[in-house]
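Student: one predicted model, sequence on top.
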Amino acid sequence: MTFSLDTITLGVPQVETAHAFYTAAFSPGVVGDELDLHGTGRLALRRIDALAADAGTDPATSGFRGYVLSAIVDQPGEVEALLANATANGATVVKPAKKQLFGEFTAVYRAPDGAVWKLATAAKKNTGPLRTPVKPSETALYLGVARPKESKVFYEALGMSVDRDYGDKFVDFTVTGGACRLGLMTRKALAKDTGVDEGGSGFPAVGLTHTAASRDDVDALLKTADSAGARVADAAARTGEGDYAGHFTDPDGYHWTVAARA
């Protein structure tokens, strides 16, 4: 049994406004009420108060939310194109598109809903025509955690496989087809990497979802999460949409849903 980050749900002030922004920024497909990021995971949007209610917390949030989303593309011109799409639709540039010290070409922006996005490519120069629309080769979510090494042990217990491990500097996990990559850094290092002030408090306005193969898998994953140090509030149950789902909060406070679809 493997564990993957299949859907990232952002808490937003207005769903329709956020939907318009992300549609313009990434030209995603639509699957039900989720945005398909060109086969590299899915993005869902919910009112921030409703998402906070699911997590059993107050929706108030301020400053850096403790995580960064990232779109990985093939060449620098695609970073520039995605940044132009985002800023034309209300995003604020945090770091302009630029070649970094070790060759990576990146840009960072803050979306109108407050989420911070990093755009990146390992390529030093354009090698061909730009794709239209730009299609990320990978979508990632980097969580700011207290101790990456300790958080790594938690996610390994759930079934994730480590890809790169630099101890308490950086850890990420092997990405599976159709899912988002999950990475871990300290909150301070993550804020510094993206050029934002690390100060912030309250609800992070993000929810993470793993889609399990069966009800038995949902129950098994919740049991494993509980024994590995998560807080499991309630047993899994059937939702109003007919799914079978349960929830846990990881040791650093990030809220997960584990669901078997109807």
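Tutor: Received the coordinates, thanks.
Student: ignoring the adjacent residues along the chain, who's closest to residue 190?
Tutor: residue 144 (4.4 Å; Cβ to Cβ, 6 or more residues apart in numbering). Just so you know, the C-beta spots here come from the backbone N, C-alpha and C atoms, and that holds for glycine as well.
Student: and for residue 37?
Tutor: In space, residue 37 is closest to residue 139, 4.9 Å off (Cβ to Cβ, 6+ apart).
Student: quick one: the one you found and residue 40 touch, right?
Tutor: Yes. Counting by Cβ atoms under 8 Å, residue 40 is a contact partner of residue 139 at 4.2 Å.
Student: circling back: burial of the residue nearest to residue 37, as a residue count?
Tutor: Here the number of neighbours of residue 139 (other Cβ atoms under 10 Å) works out to 24.
Student: ok, what's across the strand from it?
Tutor: residue 71 (DSSP bridges).
Student: check contacts around it.
Tutor: 8, 37, 40-41, 69-72, 180-181 (Cβ atoms under 8 Å, 6 or more residues apart in numbering).
Student: again, only this time at 6 Å
Tutor: With contacts defined as Cβ atoms under 6 Å, 6 or more residues apart in numbering, residue 139 is in contact with 37, 40-41, 71, 180.
Student: then residue 82?
Tutor: Residue 82 touches 119, 134, counting by Cβ under 6 Å, 6+ apart.
Student: from residue 131, how far off is it?
Tutor: Distance, residue 82 to residue 131, by Cβ to Cβ, to the nearest Å: 11 Å.
Student: still on that earlier bit, list only buried entries from the contacts of residue 139.
Tutor: Among those, those classed as buried by 16 or more other Cβ atoms under 10 Å are 37, 40-41, 71, 180.
Student: ok, so of these, who is nearest residue 1?
Tutor: Nearest to residue 1 among the buried ones among the contacts of residue 139 is residue 180, at 18.5 Å by Cβ to Cβ.
Student: ok, the residue lying closest to the closest one once chain neighbours are set aside to residue 109 distance?
Tutor: Spatial nearest neighbour of residue 180, chain neighbours left out: residue 41 (3.4 Å); criterion: Cβ to Cβ, 6+ apart. Distance of residue 41 to residue 109, given as Cβ to Cβ: 19 Å.
Student: could you do residue 47 as well?
Tutor: According to Cβ to Cβ, residue 47 and residue 109 sit 22 Å apart.
Student: out of those two, which sits in the more crowded spot?
Tutor: Neighbour count, other Cβ under 10 Å: between residue 47 and residue 109, residue 109 has more, with 23 against 15.
Student: just grab the bridge partners of that one for me.
Tutor: Where residue 109 sits in a bridge, its partners, by DSSP bridges, are residue 93, residue 117.
Student: look up how far residue 30 lies from it.
Tutor: 23 Å.
Student: swap in residue 137?
Tutor: Taking Cβ to Cβ, one finds residue 137 at 20 Å from residue 30.
Student: could you do residue 82 as well?
Tutor: 19 Å.
Student: wait, residue 83 sits on residue 105?
Tutor: No. With contact defined as Cβ atoms under 6 Å, residue 83 does not reach residue 105; the gap is 11.0 Å.
Student: give me the number of residues near the nearest residue to residue 123 once chain neighbours are set aside?
Tutor: Of all residues not flanking residue 123 in the chain, residue 75 sits nearest, at 4.7 Å (Cβ to Cβ, 6+ apart). Neighbours of residue 75 under the rule other Cβ under 10 Å: 21.
Student: list the buried residues for stretch 53-65?
Tutor: 55, 57, 59, 61, 64-65.
Student: a markdown table for those, including pLDDT?
Tutor: Shown next, in a markdown table, are the buried residues of stretch 53-65 (pLDDT from 0 to 100):
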| residue | pLDDT |
| --- | --- |
| 55 | 88 |
| 57 | 91 |
| 59 | 93 |
| 61 | 92 |
| 64 | 96 |
| 65 | 96 |
